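*Asks:* got a sequence here, can you build the structure:
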Amino acid sequence: MSEPTPGGVKEGDNVALEYNTDNVKKARLNSTLAALLDDPVLADVPKKPTLSDVDTLISLELGSAMRVSVLKLDGTSFDVAVMNSATVKDLKLAVKKKVNDMEQSKMGHRHISWKHVWRNFCLSHHNEKLLNDDANLQDHDVRNHSQVHFIPYVMSRASKQHSRRRKHRFFHGLNRRE
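*Replies:* Below is the predicted model:
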């Protein structure tokens, strides 16, 4: 049995009280966060923001980040925020995160093969394909409020980065009789 403390509360009860107050604090924090996120001023904050999301949005307000609009093949678009010094890879990661968040909120868990997406499509800005992941966006004249497009793309065999899909390559060798 637990020993009573001078205040008349047992040690086990003390732990339970601390646990309950922690839960109450978390519940208050979550309800406050939910109320803040419902505020129209904070409409661009994701429902479950990470520290980097908040940091990018603060940088956007301070002018050290840019908002880029991404036009999908179906004609719809969405905005992503990236730092002014961002590379093409950073933009791709922001697009991936935004699309995954949108799909999650609309349809629940849904897996998108980004490896397949980037093999068959690329982003372009003013008819210039953004192929080099290490290139700065500003080198391609991507600025605040710029628009990039998804376009179909298959890399050439000469670049050796990607070759066309070979359907049933294994079975082609079986057809030859020697």
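
*Asks:* for the chain, where's the lowest mean pLDDT among helices and strands?
*Replies:* helix 169-175 (a mean of 50; mean pLDDT, DSSP states H and E).

*Asks:* which ones are touching the most centrally placed residue in the chain?
*Replies:* Centroid-nearest residue in the chain: residue 97, 1.3 Å away (criterion: C-alpha atoms, centre = their mean). Neighbouring residues of residue 97 by C-beta atoms under 8 Å, 6 or more residues apart in numbering: residue 80. Quick note: C-beta positions are derived from backbone N, CA and C, even for glycine.

*Asks:* skip the chain neighbours and tell me the closest residue to residue 89.
*Replies:* residue 133 (4.0 Å; C-beta to C-beta, 6 or more residues apart in numbering).

*Asks:* now do residue 92, the pLDDT please.
*Replies:* Residue 92 carries a pLDDT value of 96.

*Asks:* doesn't residue 118 make contact with it?
*Replies:* Yes - assessed by C-beta atoms under 8 Å, residue 92 is found in contact with residue 118 at 6.9 Å.

*Asks:* higher neighbour count, those two?
*Replies:* residue 92 (19 against 16; other C-beta atoms under 10 Å).

*Asks:* surely the more buried one forms part of a helix?
*Replies:* Yes - under DSSP: H, G, I helix; E, B strand; the rest coil, residue 92 sits within a helix.

*Asks:* contacts only, for it.
*Replies:* 118, 123, 133.

*Asks:* pass me the low-pLDDT residue ranges in this protein, would you?
*Replies:* Applying pLDDT under 70 to the chain flags residues 1-19, 36-37, 39-44, 46-47, 155-178.
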